[in-house]
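K.L.:
Curious how this folds, go ahead:
(2 chains)
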Amino acid sequence: MALTVKQRGQHIATFRFVEVRLMEILSSWVPSTPEMEAKLLFGPHIWDTAQAADALGKRAHELRLPLQHSIAPTAAYLEVIAELSAVDGAARRIGALYDVMLPGIAARYRRYLQRTDNLMDAPSVRVIEGILTAGERMVREADKLRTELPALQCSDQAWLQQLAAREERVLEMVADDGADEARRAA
Amino acid sequence: MSGALFGADPARDPRFVVKERWIDCDNLARDHPLHRVQFFHRQMNEEVDSLEASAQALVDFPEAAWALRLQLARQCADEARHALAYRAQVERRGGHVGQFPVLNFQYRIITARDDLISRLVIQNRSFEAGGLDAIAYGVEEARKLGDHELAEFYEAQLADEISHVRFANEWIRKSLKEDPRTLLRMGVSLNAAAQAFRQVMGSEGTEGADYPAAVQARLDAGFTPEEVETAAQMQAAQAQAQAAAGGPARA
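P.N.:
Residues are numbered from 1 along each chain as shown, chains lettered A, B, ... in the order given. Model prediction:
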């Protein structure tokens, strides 16, 4: 069954929460990461994640939620975000964000695109497609930097894999996706 | 330098030697062959400072209006681009990152304030507004020297900085309208920032560093004609006083 308008709003507002947190985490890493090249990688991506949050916030309003409304994700996903936020060191931060979190979030966006009605929810589809394109560019820019400066490559692949596994284990990011209500209404 | 006037240092990698006072830096004479490399290196680090200050504002003020946070996020992207561009200027002239000591006073003075409007007043409306004058002067100077590529870079940077000063002016005016006591807070913060700036720069660091007010840039940035006129008069008086004292007219 396709997502209801309410479910769409809940997903979009949850995605917005996550993009705002990414913006804040990147912001916190700028003054606290010593390597200048890492700061200059994060800087423009603060803007990318802010734009993503802004577009989602506008779309949330179209889906009958307040303008720029955010909904916190599940507790399990909040833990993953908290773990990302606590990562220290340029190489680990870059690895955690660009190798684990962004691909993980992209997979969640794609699952949303599969579930939603591409005709009736076309504005959300457009917003998410734009975010996916920006996310791919962000990852490419991180890869390019790491090719130029191999010291920024995270050498602890096992740690990255564990982080990725924890992210993947959180099957549902949306705290209350309204599925029960939709089933009852049906 | 610590206490109420200065926040903590931002992190720097081992290539950088961080100094606290202007006098402790390599302040090469204008006719030194590395003077321009040093200038661009200093600008590069100042852009990083500015990026860091805007990023820290996003962290410290999560409850700020979303429209303002969005503009701060944009500023982060702009300052990062500027730092990259200044780095390219350094390297084009055979210099390298870390070649000269750096100061992080801007970040430290801005983040010492615990409210966002004060930070906007200091970072965008003071430091960056002063930058408008310096960049506008740089455009003219680069054109006179036939360095049109540098002039174009400055023009692009000027357009970005005007946007930063403008949005700060808009939010400061909005805040003043909503709560007139903002004016008191602004005064206290500006006074503290001026005190801190004097500690860092001393008289040596500011001597001859006056640029004529970039009238159109300041108007574009949302200053009123009266404010621009005042800035122009103050800068002219400062230049006159320095000339009378036998100091250099301009850095």
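K.L.:
Just give the closest residue to the closest residue to chain A within the stretch 101-250 of chain B, not the sequence neighbours.
P.N.:
Here the stretch 101-250 of chain B gets closest to chain A at one residue, B:Tyr107, 7.1 Å apart by CB to the nearest CB. Where C-beta positions appear, they are placed from N, C-alpha and C, glycine not excepted. Computed as CB to CB, 6 or more residues apart in numbering or on different chains, the closest residue to B:Tyr107 that is not its neighbour in sequence is B:Asp49, at 4.3 Å.
K.L.:
Check B:Val102 too.
P.N.:
B:Asn45 (4.1 Å).
K.L.:
remind me which residues of chain A are low pLDDT?
P.N.:
Segments of chain A classed as low confidence (criterion: pLDDT under 70) are A:177-186.
K.L.:
Near chain B, which residues of it are found?
P.N.:
If contacts are counted using CB under 8 Å from any CB of the partner chain, the residues of chain A sitting beside chain B are A:23-24, A:26-28, A:30-36, A:39-40, A:42-44, A:46-51, A:54, A:57, A:68.
K.L.:
Can you tell me which residues in chain B are near chain A?
P.N.:
Along chain B, the residues adjacent to chain A under the rule CB under 8 Å from any CB are B:10-16, B:48, B:51-52, B:55-56, B:58-59, B:62, B:66, B:69-70, B:73-74, B:76-77, B:79-81, B:83-84, B:97, B:107.
K.L.:
quick one: contacts for residue 43?
P.N.:
No chain was given, so I picked chain A. Residues in contact with A:Gly43 (CB atoms under 8 Å, 6 or more residues apart in numbering or on different chains) are A:Val30, B:Leu51, B:Ala55, B:Cys76, B:Ala77, B:Glu79, B:Ala80, B:Arg81, B:Ala83.
K.L.:
that answer is for a different chain, and I need it for chain B
P.N.:
B:His82, B:Tyr86, B:Gln89.
K.L.:
want to try a markdown table for the residues you listed, with neighbour count and secondary structure as columns?
P.N.:
As requested, the contacts of B:Gln43 are arranged in a markdown table below (neighbours: other CB atoms under 10 Å in any protein chain shown; DSSP: H, G, I helix; E, B strand; the rest coil):
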| residue | neighbour count | secondary structure |
| --- | --- | --- |
| B:His82 | 24 | helix |
| B:Tyr86 | 22 | helix |
| B:Gln89 | 19 | helix |
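K.L.:
Relative to chain A, which of those residues is nearest.
P.N.:
Proximity to chain A was ranked across the contacts of B:Gln43 by CB to the nearest CB; first place goes to B:His82, at 9.8 Å.
K.L.:
Verify the contact between the closest one and B:Ala156 for me.
P.N.:
No. Shown here, B:His82 and B:Ala156 do not form a contact pair, counting by CB atoms under 8 Å, at 9.0 Å.
K.L.:
Tell me how far the residue in the stretch 1-150 of chain B positioned nearest to chain A lies from A:Gln162.
P.N.:
In the stretch 1-150 of chain B, the residue that lies nearest chain A is B:Ala80 (2.9 Å; CB to the nearest CB). Taking CB to CB, to the nearest Å as the criterion, B:Ala80 is separated from A:Gln162 by 31 Å.
K.L.:
coming back round to it: any idea which element the residue nearest to B:Val102 lies in?
P.N.:
Secondary structure here is read from DSSP states H and E; on that basis B:Asn45 sits in helix B:35-60.
K.L.:
List the buried residues for that helix?
P.N.:
Neighbour counts over helix B:35-60 (16 or more other CB atoms under 10 Å in any protein chain shown) mark B:36-60 as buried.
K.L.:
Identify the nearest residue to A:Ala38 in space, disregarding sequence-adjacent positions?
P.N.:
Per CB to CB, 6+ apart, closest to A:Ala38 is A:Ala90, 4.2 Å.
K.L.:
For chain B, which segments count as helices?
P.N.:
Using DSSP state H, the helices of chain B run over residues B:35-60, B:66-92, B:105-110, B:116-122, B:129-144, B:148-178, B:182-206, B:215-220, B:225-244.
K.L.:
hang on, I meant chain A
P.N.:
Across chain A, reading from the start of the chain, the helices by DSSP H fall at A:5-32, A:36-62, A:75-85, A:90-94, A:102-115, A:122-148, A:157-169, A:179-185.
K.L.:
and stretch A:56-68, how far out from the chain's middle?
P.N.:
When distances are taken as CA atoms, centre = their mean, to the nearest Å, stretch A:56-68 is centred 17 Å away from the chain's centroid.
K.L.:
Can you name the residues in contact with that stretch?
P.N.:
A:5-6, A:8-9, A:12-13, A:15-16, A:19, A:53-54, A:69-70, A:123-124, A:127, A:131, B:66.
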